[in-house]
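I would like the atomic coordinates for the input below:
(chains A and B)
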2 protein chains.
Amino acid sequence: MSKPIIIYGHPVSPFVRKALIALEVKGVRPSSIVPLTPVISSDALKDISPLRRIPVFQQGDFTLPDSSVIAEFLDESLDGAALYPTDSKIKAKARWFEEYIDTHIAQYFVFQYFFEKLVKPSVLKLETDDARVKAAEEKMPEILAYVEENLTEAGYLLGDTPYMPDFAIGFMFQNAGFAGWQCDAGEYPKTVRLLSALNSHAGFKKVSQLGADLLTARRQEIESVLKAYLTN
Amino acid sequence: MSKPIIIYGHPVSPFVRKALIALEVKGVRPSSIVPLTPVISSDALKDISPLRRIPVFQQGDFTLPDSSVIAEFLDESLDGAALYPTDSKIKAKARWFEEYIDTHIAQYFVFQYFFEKLVKPSVLKLETDDARVKAAEEKMPEILAYVEENLTEAGYLLGDTPYMPDFAIGFMFQNAGFAGWQCDAGEYPKTVRLLSALNSHAGFKKVSQLGADLLTARRQEIESVLKAYLTN
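Next up is the predicted model:
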């Protein structure tokens, strides 16, 4: 792949960070990141993303929405470490976990907890809907139990190697963490061990740091934070 | 794959029919279909489907939820005609279309239109929420325009061969049709041509007929309708 790659989407979104980690694992850096968000940049997204979702991958005239679709495409078209297992049954489980994470975990940890507790008051200057936060908090134990139960003794969901669903969990939980959530090490030891292992993964660390830096960046600092990421 | 295959999920669900057409295309017949629905059989689903969704694929001790994940698994593990294109860019487009169909088209054509107009009054003995039907009808033109725009001159979304997203559109629209919806041939000629082509596809025809037969079957007839499908 020789043409420059553009990622559309603000890396404060865990879905955008999924696309960035997929590129990191493949050893490919995008040439630019355009920090759009569905809330603020809906019209700009319309032409490249039919559901106005982020991220969108673009290379030449090839445009592709959806973090999981992008990750599978990169895994099939680029060399570098694998983003998914090769055994068809284990790969199917990986896809199922990623679907569970991107819909169910995202719903409660990101769209309800993170969005209500942080995005609404800090970015949109709207009031938090406490009932939606409470509903998320009530759902979290069931979700955490499912993750804990499915983590292998070897450390990750599919064995001793992190694949896309492991990274996806890391980013979803990171956003809940931005809004104050912490994973209870007594209740969920394997999950805490996963999050700790991810934070020692060079690519994950770099991409999650970008998310954290952008969260606190002032508007006029965004470009330089992105540039530092893209050139380091 | 030698162990018997069980599909959990009522084939009135377009997602269950997606799993069945995937098996049809591969020339494999499940040994049984267990007609659970999320609305009625939530507890029975809990152990095999974390989000209590249908379909669930089972073979021996291997259990897999999600129609798209099942289809990719079957495509990778079975011989027979392809369910997805092989070129990585075109395959990525297929996955994106399937995601769009399973979330966005399903939301309006199935969960709002079909569910409100047919399932609620006929099955659940509940009143239709007319506002939700109206909201679906208002969204349909935008969705149909997107489908029409993306259908190729060769007849299908990805060229001259039907793949999973084409079948998925067929089944979603079939459910809206159960509730009285019709596709306007003047406005959406390529879409009507797609639906007509699908109805000449032996596997699609068989699976869509099963859905239609079960829709009108009385409770005591369900087993024999399923048995006829499984043994024909």
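
does A:L226 touch A:I33 like I think?
Yes: between A:L226 and A:I33 there is a contact at 5.2 Å, judged by CB atoms under 8 Å. For glycine as for every other residue, the C-beta is placed from the backbone atoms N, C-alpha and C.

more crowded one of the two?
Applying other CB atoms under 10 Å in any protein chain shown to A:L226 and A:I33 shows that A:I33 carries more neighbours, namely 27 against 21.

ok, A:L194 touching A:D166?
Yes: using CB under 8 Å, A:L194 makes contact with A:D166 at a distance of 6.5 Å.

list residues touching both of those two?
Counting by CB atoms under 8 Å, 6 or more residues apart in numbering or on different chains, the contacts common to A:L194 and A:D166 are A:Y156.

straight-line length of stretch A:36-54, end to end?
8 Å (CA to CA, to the nearest Å).

quick one: that stretch near chain B?
Yes: counting by CB under 8 Å from any CB of the partner chain, contacts between stretch A:36-54 and chain B involve A:P50, A:L51.

next up, the contacts around the closest residue to A:M140 other than its chain neighbours.
Closest residue to A:M140 apart from its sequence neighbours, by CB to CB, 6 or more residues apart in numbering or on different chains: A:Y108 at 6.3 Å. Neighbouring residues of A:Y108 by CB under 8 Å, 6+ apart: A:A135, A:A136, A:K139, A:M140, A:I143.

which of these has the most neighbours?
That'd be A:A136 among these, by other CB under 10 Å, with 24 neighbours.

which secondary element of chain A has the worst mean pLDDT?
Within chain A, no helix or strand scores below helix A:42-46, which has a mean of 83 by mean pLDDT, DSSP states H and E.

alpha carbons of that helix, in CSV - could you do that?
Extracted C-alpha coordinates of helix A:42-46, given in CSV (Å, rounded to 0.1, in the frame of the first residue of the first chain):
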residue,chain,number,x,y,z
SER,A,42,-22.1,15.4,11.1
ASP,A,43,-22.2,17.2,7.7
ALA,A,44,-18.6,16.7,6.9
LEU,A,45,-18.9,13.0,7.6
LYS,A,46,-22.0,12.5,5.5
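
does anything pack onto the longest helix along chain A? Which helices or strands?
Secondary structure of chain A per DSSP state H: the longest helix is helix A:130-150. Applying 3 or more CB pairs under 8 Å, 6 or more residues apart in numbering or on different chains; DSSP states H and E, we find helix A:130-150 packed against helix A:189-198.

C-terminal to the helix it packs on, what's the next element?
helix A:202-216 (DSSP states H and E).

list the buried residues for that next one?
Using 16 or more other CB atoms under 10 Å in any protein chain shown as the test for burial, helix A:202-216 gives A:G203, A:F204, A:V207, A:S208, A:L210, A:G211, A:D213, A:L214.

run through the neighbouring helices and strands of that helix.
Secondary-structure packing of helix A:202-216 (3+ CB pairs under 8 Å, 6+ apart): helix A:14-25, helix A:164-178, helix A:189-198, helix A:222-231.

contact partners of the least confident helix or strand of chain A?
The contact list for helix A:42-46 (CB under 8 Å, 6+ apart) reads A:Y8, A:L36, A:P38, A:R52, A:R53, A:I54, A:V56.

what sits against A:T37?
Per CB under 8 Å, 6+ apart, neighbours of A:T37: A:G9, A:H10, A:V12, A:S13, A:I54.

may I have the phi/psi pair for it?
Main-chain torsions, A:T37, degrees, to the nearest 10: phi -130, psi 150.

how much space separates it from A:S13?
For A:T37, the distance to A:S13 equals 7 Å [CB to CB, to the nearest Å].

swap in A:K134?
Distance from A:K134 to A:S13, by CB to CB: 24 Å.

which of these two has more neighbours?
The neighbour count for A:K134 versus A:S13, taken as other CB under 10 Å, is higher for A:S13 (25 against 13).

so what sits against both of A:T37 and A:S13?
Shared contacts of A:T37 and A:S13, counting by CB under 8 Å, 6+ apart, come down to A:I54.

who wins for neighbours among the contacts of A:T37?
When neighbours are counted by other CB under 10 Å, A:G9 leads the contacts of A:T37 with 28 neighbours.

that residue contacts A:V56, doesn't it?
Yes: using CB under 8 Å, A:G9 is in contact with A:V56, at 6.5 Å.

which parts of stretch A:121-134 are buried?
Within stretch A:121-134, judged by 16+ other CB under 10 Å, the buried ones are A:R132, A:V133.

tell me what A:Q59 is bridged to.
As for beta bridges, A:Q59 partners with A:I5, A:F62 under DSSP bridges.

quick one: distance of stretch A:165-179 to the chain centre.
7 Å (CA atoms, centre = their mean, to the nearest Å).

hmm, it touching chain B?
No: counting by CB under 8 Å from any CB, chain B has no neighbours in stretch A:165-179; the shortest distance is 11.8 Å.

who touches that stretch?
Among residues not part of stretch A:165-179, those counted as contacts by CB under 8 Å, 6+ apart are A:12, A:14-15, A:17-18, A:21, A:67, A:94, A:97-98, A:101-102, A:105-106, A:109-110, A:113-114, A:117-118, A:147, A:156-158, A:181, A:183, A:194-195, A:198-199, A:204, A:207-208, A:211-212, A:215.

how about a cut-off of 7 Å?
With CB atoms under 7 Å, 6 or more residues apart in numbering or on different chains as the test, stretch A:165-179 has contacts from A:14, A:17-18, A:21, A:94, A:97-98, A:101-102, A:105-106, A:109-110, A:113-114, A:117-118, A:147, A:156-157, A:183, A:194-195, A:198, A:204, A:208, A:211, A:215.

in that stretch, what counts as buried?
Within stretch A:165-179, the residues scored as buried using 16+ other CB under 10 Å are A:165-179.

looking at the residues you listed, which is nearest B:L126?
Proximity of these to B:L126 (CB to CB) peaks at A:M172, which lies at 34.3 Å.

tell me the SS of A:I33?
Under the three-state scheme (DSSP: H, G, I helix; E, B strand; the rest coil), A:I33 adopts strand.
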